[in-house]
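Engineer: sequence first, predicted coordinates after that:
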Amino acid sequence: MNYDDFFADALARLWHERRYRVFVDLERIAGRFPHAVWHSPDGPKNVVIWCSNDYLGMGQHPKVIGAMVETATRMGTGAGGTRNIAGNNHPLVELERELADLHRKEAALVFTSGYVSNETGIATLAKLMPNCLILSDALNHNSMIEGVRQSSSEKKIFRHNDMAHLEQLLSVAAPDRPKLIVLESLYSMDGDVAPVSHICDLAARYSAMIYIDEVHAVGMYGPRGGGIGERDGAAARIDVIEGTLAKAFGCLGGYIAGSRALIDTVRSYAPGFIFTTALPPSVCAAATAAIRHLKTSQWERDRHQDRAARTKAVLAAAALPVMTSPTHIVPVFVGDPERCKQALTMAKWLAGSTAEAR
């Protein structure tokens, strides 16, 4: 039996469905954000990246690079193993304190990626609450969907940002049944924002917990970059705030923030945390530097919003199908899948802010 035949058939299906993924080979240039070198089949070419999630250029900020280089020189490159075996490297402890302070929570827990923090965090929390009912927004990210699946809890999907539908589902659940509302604060495809305060009101009325994904909003919104929850004055009413270090903060990793008991429980039970190597000290120090800078600097956020607004205006003036969005996300509705793929290929090396095409 040739086992590679299975894999070749799977790849052939992707090619036939025109879903095979091709990644461009890019070399970003520090100090010249968002410029890069594209190592194309015809040789190196200078390009400007359109689709980076390094929203504010913090991945090339001197403070962030300096913190990474200094820490790697002093402590080495790796973390030494899982935190259960090798202990907590001190920059990681400092990072978790910084994240807890960012969201005004008692504690925070760092994971290797935002995907893992969602997948593991949601599944772990729901499993520890007997007969938990999960109420999940219809447009939640795949990492959240996987977390819900792995929890094996009963789930109800409410229509995207439809508060009447969410309340209907909450109202028929037993009052003493654990309920977990799972949502994003800012949805990256349409660029729209969840009615966070309204959801907090419903959660209080029906005794539900709230788990919110702020990955596209941390660093970008709120007076200190705490996200939509901070901007709307609702962060204190949210039980679990999940975020990433890989977008506005320009580094790597994911995290959750909440009460001390909740965070300690996830730390003690979550396999996606317990059995994986910790983030290296240099990455933790770099992320901490980015968070500290954006807590006090509004300039990057203001400039980015200006660039996003200008990009939308230019695209609209060119009669391109730009969807209305109150955020920095620039959704261009192409519709036809073939043209969408062509547009995405071109967008990878065109100038501008964050773009989403579909």
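Structural biologist: Received, thanks. Numbers count the residues shown, from 1 in each chain.
Engineer: what is the burial count for residue 310?
Structural biologist: Around residue 310 sit 12 other residues, with neighbours defined as other CB atoms under 10 Å. To be clear about C-beta, it is placed using only N, CA and C from the backbone, and glycine gets the same treatment.
Engineer: so which elements touch the strand or helix carrying it?
Structural biologist: If you go by DSSP states H and E, residue 310 is part of helix 299-317. Where contact means 3 or more CB pairs under 8 Å, 6 or more residues apart in numbering; DSSP states H and E, helix 299-317 is packed against strand 330-332.
Engineer: give me the element the residue nearest to residue 25 when sequence neighbours are not counted is part of.
Structural biologist: Once flanking residues are discounted, residue 25 sits nearest to residue 39: 4.0 Å by CB to CB, 6 or more residues apart in numbering. Using DSSP H and E, residue 39 sits in strand 35-40.
Engineer: with residue 289 instead?
Structural biologist: Going by DSSP H and E, residue 289 is part of helix 281-296.
Engineer: for residue 53, pull up the helix or strand it's in.
Structural biologist: Going by DSSP H and E, residue 53 is not in any helix or strand.
Engineer: since we're on it, how many residues are nearby?
Structural biologist: Count around residue 53 with other CB under 10 Å applied: 14.
Engineer: likewise for the one 3 residues further on?
Structural biologist: A count of nearby residues for residue 56, using other CB under 10 Å, gives 25.
Engineer: so what's it up against?
Structural biologist: Neighbour list for residue 56: 219-220, 248, 250, 294, 300-301, 304 [criterion: CB atoms under 8 Å, 6 or more residues apart in numbering].
Engineer: and what of residue 35?
Structural biologist: 28-29, 46-49 are the contacts of residue 35 under CB under 8 Å, 6+ apart.
Engineer: repeat that for residue 99.
Structural biologist: Neighbour list for residue 99: 108, 110, 243, 255, 257, 291 [criterion: CB under 8 Å, 6+ apart].
Engineer: same question, residue 262
Structural biologist: By CB under 8 Å, 6+ apart, the neighbours of residue 262 are 107, 125, 239-240.
Engineer: so it is in which element?
Structural biologist: helix 260-269.
Engineer: ok, residues contacting the next helix or strand after that helix?
Structural biologist: Remark: after helix 260-269, the chain's next helix or strand is helix 271-274, criterion DSSP H and E. For helix 271-274, contacts defined as CB under 8 Å, 6+ apart pick out 82-84, 109, 111, 116, 119-120, 124, 266-267.
Engineer: 7 Å instead?
Structural biologist: 82, 84, 109, 111, 116, 119-120, 266-267 (CB atoms under 7 Å, 6 or more residues apart in numbering).
Engineer: avg pLDDT for it?
Structural biologist: The average pLDDT within helix 271-274 is 96.
Engineer: next one: it to chain centre, how far?
Structural biologist: How far helix 271-274 lies from its chain's middle: 19 Å, per CA atoms, centre = their mean, to the nearest Å.
Engineer: can you give me the buried ones in stretch 206-215?
Structural biologist: 206, 208-215 (16 or more other CB atoms under 10 Å).
Engineer: could you do stretch 163-177 as well?
Structural biologist: 165-167, 169-170, 173.
Engineer: same list (the contacts of residue 262) but as JSON lines, adding neighbour count, distance to residue 98 and secondary structure.
Structural biologist: Below are these laid out as JSON lines (neighbours: other CB atoms under 10 Å; distance: CB to CB, whole Å; DSSP: H, G, I helix; E, B strand; the rest coil):
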{"residue": "107", "neighbour count": "19", "distance to residue 98": "12", "secondary structure": "strand"}
{"residue": "125", "neighbour count": "28", "distance to residue 98": "23", "secondary structure": "helix"}
{"residue": "239", "neighbour count": "19", "distance to residue 98": "20", "secondary structure": "coil"}
{"residue": "240", "neighbour count": "24", "distance to residue 98": "18", "secondary structure": "strand"}
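Engineer: farthest-separated two in those?
Structural biologist: For the contacts of residue 262, the farthest-apart pair by CB to CB is 107 and 125; their separation is 14.2 Å.
Engineer: can you pull out the helices in the stretch 101-250 of the chain?
Structural biologist: Taking DSSP state H, counting those that start in this stretch to define them, one finds helices in the stretch 101-250 of the chain at 114-127, 142-151, 163-171, 196-205, 228-231.
Engineer: much appreciated, bye for now.
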